[in-house]
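[1] The following block contains a protein sequence and its predicted model.
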Amino acid sequence: MRLLVNKIFLVLSVLSALIGLAFLAWILTTLFIKGLSSFHFNLFLNDLIDGGLRNLIIGQFILAGLAAALGIPLGMAAGIYLQEYGRGRYASLIRDLSDIMMSAPSIVIGAFVYAVVVIPTGGTSGFAGAIALGIMMLPVVINTTDNMLSLVPRELREAGIALGASKYRVILDIVIKAAKVGIMTGILLAFARIIGETAPLLFTSETSNYFSVDLTQSFPSLTVSIYDLANEPEESSRDLAWAASFILTALVLIINLIGRFITRNKNN
Amino acid sequence: MEKLFQKISLGSASLVFVILVGIFLTLFSASKEAIEEFGFDFITNPDWNKEIILETTPTVTDTLEDSDEIIDEDDMILDEDDMIMDEDEVLFEEDDTNTKTVFGGLVPIVGTLLTTLIALVFALPIAMGIAVFLAEIAPKNISHIVGIAIELLAAIPSIIFGMWGLYYFAPIVADIVGGYQVSLLTAGLVLGVMILPFMAAITRDSMNTTPNVLKESAYALGATKFEVIKDIIFPYSKVGIIGSIILALGRALGETMAVAFLIGSIFVLPSAINDPTISIPVAMANNFGEASGLGESALFYLALILFVISFGVISIAKFYFLKKAH
Amino acid sequence: MPVMNIKKFSFTYPGVEHPSLRNITLPIEKNKITALIGPSGCGKSTLLRAMNRIHDLYPGNKYDGAIDLLDFETGKSKNILNIRKENEFIKLRQQVGMIFQKPTPFPMSIFDNVAYGLKIAGIKNKSELEGRVEEALKGSALWKEVHDRLNKSAMGLSGGQQQRLCIARAVAVKPEVLLFDEPTSALDPISTGAIEELLVELKKDVSIAIVTHNMQQASRISDYTAFMYLGDLIEYDKTENIFLNPKEKKTEDYITGRFG
């Protein structure tokens, strides 16, 4: 009897894993089929106004890139504070708040940036969208820096100090270097996450049909446009949305895999 | 230089505090108008953007006076301003009807809670099963590969779940269960698929903290795998598992895009599980662009409620459960 | 003539009630090797780590007494326990270097590792750096093995080589004192032997204090030995006296293996 229960349990567990894999396969296959059927190289040459995706793809990268330019240095500096300088209650508090921020609803962050950037500046802008994405990236970078630095052995820091280096020199020259690979992976994964975000951009930078690098106006976004296109009645819009979804997912998964590949290489 | 570096890192860390407090204060101040107008009734009122006609108290404009001519049906002295009245009557004039627009958040709040609940019920057994598979059942290399697959599932953007969910998953669910393709149920199920990998990964990590000696002692007594998992591993990692569930719950509450595709986006309380309705993030996503004044303030009120609920749930997960594990 | 003089030194870790070191008085003689021995928990590492104030990475320590360091330029002694300012700490650590139990190569090339202390001391001239690095690597018996791959990562060296690299790194700055905290306990016997030989060579240029739980090592290489027990200095003398003719019963018990 016990053995029977055991067998059933094992079967259920394997079944669950198969269900999980099935969902992944289903989604990827769908994207592949629907995306490829509407795929043609003009997608990369034309802007949305001409039925292509060029401005959207570039725009999404610019937004994510600007967000990273904000989130990475600030996040690393904060992570360094938590691990290298912070002691006691304040550091604990910040660490906890940062973890909470990581799971905060992205649409609320969009509403926040709407209120503090869009309304005072009189309109949507690429800057507002990038700021919203940056706020989302910040706690993830903090978390990864904090964790990776904690893995660096104590003696390495002591050896640097013992040579007469000042603390910030030890952190920058030795500790960060030692944690470099782990931090890079964390940052890449964070980047992959924000480049796929839609909600924070919906009313901060919206999107645009035209090619633009003007961050003071509505800014082209691949994700927001997928949402708009999917809501349009025309079949051609729907097809374009699928092609865009395929490209977006490919982008996100590739960046993700690169991040994992880097870590695997280091461990060998 | 050292001092400068310390200041910069401290400042950056404090940014977290500043932003979180900033979010709360901003939401609060932007929703003040709606809070003052509706108070706590906002939470229980199902009417969104409804014009309510207030009772018109007609204003009396004239009454009979002795000097007025009284005429009966035989006499008809009329001029353009005359109105036929009798001595009991008083002249009334139609006033402008008083209307007011009310916003009530009950529907999106209920929608948010119910979709999250459905997601949890759907995802929990599957996530636990996957975690057990990865941690205890699969041989190392299969566990590694399946683990990566699960993490890729987690990496797929929310909007993609929306696309796939709407055009492929929802029709199948509607075929099986009947009812609408866009509904509470389909939104909840797709939400469940989204939180599945997160729950599975954290549960697996929790299970892996169980010391090998503990498991080995149980096996040495002749326990089956199921019994070791049930009696040793789960109790040992219980706290971390519960924490992961609550954390997944917190994330599901704030999910926007996938739900936006699938919930139907109408401000109507669902009478059945396969009825369309709306959730807080979707209400915000759809209406923020055009809203203004009281309507916009009402959206911020919803945002505030969502923020407070999420913050509360995630804090509970973090502080109580995950701390206890360490 | 001692290069360091420890006088009635007591030390308490942060947040701890009882001192880990009580009233230690002990000289570190110039160009000699002084060994600190004793059972686990006796405080020998704690004492060593006080000598370059590395405890101060973790604030809240309590000090009592004095540790005087001879300044070779002025001929005067200064109590290093009085140091407060950042630049004085830096100067102290350039005069008193440390090698740890676990080899700690920095994640950079072999050359950059050895040059690190020089660069932060402000030496930028390329040929001067190259000269000092070569000198230090020769002085640590590592030059022959690495001279043709100086810009390869230090992480690729074996454990024994990494430890000698750390010694080269510390020696490059030309300190007056070198502190060794159980430098060979993580190494194989052959590497241990190589490093012991190295220490005997090094004492021509620096004064050495070494913590070791290996009594044979202490008797092999040190000139003076201090035996410690539970935070107290039980006995200090020339090494041959400690091992052949200890005055205290506790010392004798430890030497003969009755405890430890």
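    Perfect, I can see it now.

[2] Residue ranges of each domain in chain A, please.
    A:1-37, A:43-267 (automatic domain parsing).

[3] tell me the most buried of those domains?
    Neighbour counts (mean count of other CB atoms under 10 Å in any protein chain shown) averaged over each of those peak at domain A:43-267, with a mean of 21. Bear in mind the C-beta positions are built from the backbone N, C-alpha and C, glycine included.

[4] any idea how far it is from the chain center?
    5 Å (CA atoms, centre = their mean, to the nearest Å).

[5] Output the set of residues of chain B in proximity to chain C.
    Neighbours of chain C within chain B, by CB under 8 Å from any CB of the partner chain: B:E2.

[6] again, only using 10 Å
    Within chain B, the positions adjacent to chain C are B:E2, B:K3 by CB under 10 Å from any CB of the partner chain.

[7] low-confidence ranges in chain B?
    Confidence mapping of chain B against pLDDT under 70 gives the ranges B:55-97, B:320-326.

[8] ok and the residue in it nearest chain C?
    Residue nearest to chain C within chain B: B:E2 (6.5 Å; CB to the nearest CB).

[9] Next, format the domains of chain A as a markdown table and append distance to chain B and mean pLDDT.
    Formatted as a markdown table, the domains of chain A follow (distance: least, CB to the nearest CB, whole Å; pLDDT from 0 to 100):
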| stretch | distance to chain B | mean pLDDT |
| --- | --- | --- |
| domain A:1-37 | 3 | 92 |
| domain A:43-267 | 2 | 93 |
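
[10] Give me the most central residue, chain B.
    B:T112 (2.8 Å; CA atoms, centre = their mean).

[11] Please name the nearest non-neighbouring residue to that residue.
    B:S279 (4.3 Å; CB to CB, 6 or more residues apart in numbering or on different chains).

[12] quick one: contacts for the one you found?
    B:107-116, B:184, B:187-188, B:191, B:253-256, B:259-260, B:263, B:265, B:285, B:302, B:306 (CB atoms under 10 Å, 6 or more residues apart in numbering or on different chains).

[13] got it, and A:D146?
    Contacts of A:D146 by CB under 10 Å, 6+ apart are A:75-76, A:78-84, A:86, A:91, A:94-95, A:98-99, A:183, A:186, B:13.

[14] let's see 7 Å
    A:G79, A:L82, A:Q83, A:R95 (CB atoms under 7 Å, 6 or more residues apart in numbering or on different chains).

[15] Please apply the same query to A:L74.
    A:L138, B:S12, B:L15.

[16] mind checking which helix or strand residue 127 is in?
    Unless you meant another one, I'm taking chain A. Secondary structure from DSSP states H and E places A:F127 in helix A:126-150.

[17] nope, chain B
    Using DSSP H and E, B:A127 falls in helix B:106-132.

[18] so after that helix, what's the next helix or strand?
    Helix B:106-132 is succeeded, C-terminally, by helix B:140-155 (DSSP H and E).

[19] just to revisit the earlier point, after the helix holding A:F127, which helix or strand is next? Please name it.
    Reading on from helix A:126-150 to the C-terminus, the next helix or strand found by DSSP H and E is helix A:154-162.

[20] Check which helices and strands the very next helix or strand once past that next one sits against.
    Next along the chain after helix A:154-162, taking DSSP H and E as the criterion, comes helix A:167-169. Contacts defined by 3 or more CB pairs under 7 Å, 6 or more residues apart in numbering or on different chains; DSSP states H and E place helix A:167-169 against helix B:2-30.

[21] Start from the N-terminal end of chain C and give the helices.
    C:44-50, C:86-95, C:110-120, C:126-139, C:143-146, C:159-172, C:189-202, C:215-221, C:239-244, C:249-255 (DSSP state H).

[22] who touches the closest residue to chain A within the stretch 51-200 of chain B in this structure?
    Relative to chain A, the nearest point of the stretch 51-200 of chain B is B:G129 (2.5 Å; CB to the nearest CB). By CB under 7 Å, 6+ apart, the contact list for B:G129 reads A:L12, A:S13, A:L15, A:S16, A:A17.

[23] and if you look at C:T239?
    Here C:T239 is in contact with C:A35, C:A218, C:S219, C:S222, C:D223, C:Y224, C:T225 (CB under 7 Å, 6+ apart).

[24] what's the following helix or strand after the single longest helix found in chain A?
    What stands out as the longest helix in chain A, according to DSSP H, is helix A:2-37. Note on helix A:2-37: by DSSP H and E, the next helix or strand toward the C-terminus is helix A:54-80.

[25] just checking, what packs against the next helix or strand after that following helix?
    Toward the C-terminal end, the helix or strand that comes next after helix A:54-80 (DSSP H and E) is helix A:89-102. Here helix A:89-102 touches helix A:126-150, helix B:2-30, helix B:293-315, going by 3+ CB pairs under 7 Å, 6+ apart.

[26] Dump the ones you listed into a markdown table; add distance to B:I232 as well.
    Compiled in a markdown table, the helices and strands packed on helix A:89-102 are given as follows (distance: least, CB to CB, whole Å):
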| stretch | distance to B:I232 |
| --- | --- |
| helix A:126-150 | 28 |
| helix B:2-30 | 38 |
| helix B:293-315 | 29 |
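
[27] closest to C:P246 out of these?
    With CB to CB as the measure, helix A:126-150 is the member of these nearest C:P246 (44.8 Å).

[28] could you give the angle of the closest one to helix B:2-30?
    130 degrees (axes from the mean of the first three to the mean of the last three CA atoms, to 10 degrees).

[29] Between helix A:89-102 and helix A:126-150, find me the angle.
    Orientation check (the same axes, to 10 degrees): helix A:126-150 against helix A:89-102 gives 130 degrees.

[30] what angle separates helix A:126-150 from helix A:54-80?
    Calculated by the same axes, to 10 degrees, helix A:126-150 forms an angle of 40 degrees with helix A:54-80.

[31] Skipping its backbone neighbours, what lies nearest the closest residue to chain C within the stretch 1-150 of chain A in space?
    Closest to chain C within the stretch 1-150 of chain A is A:R87: 7.9 Å, counting by CB to the nearest CB. Nearest residue to A:R87 in three dimensions, chain neighbours excluded: C:P59, at 7.9 Å (CB to CB, 6+ apart).
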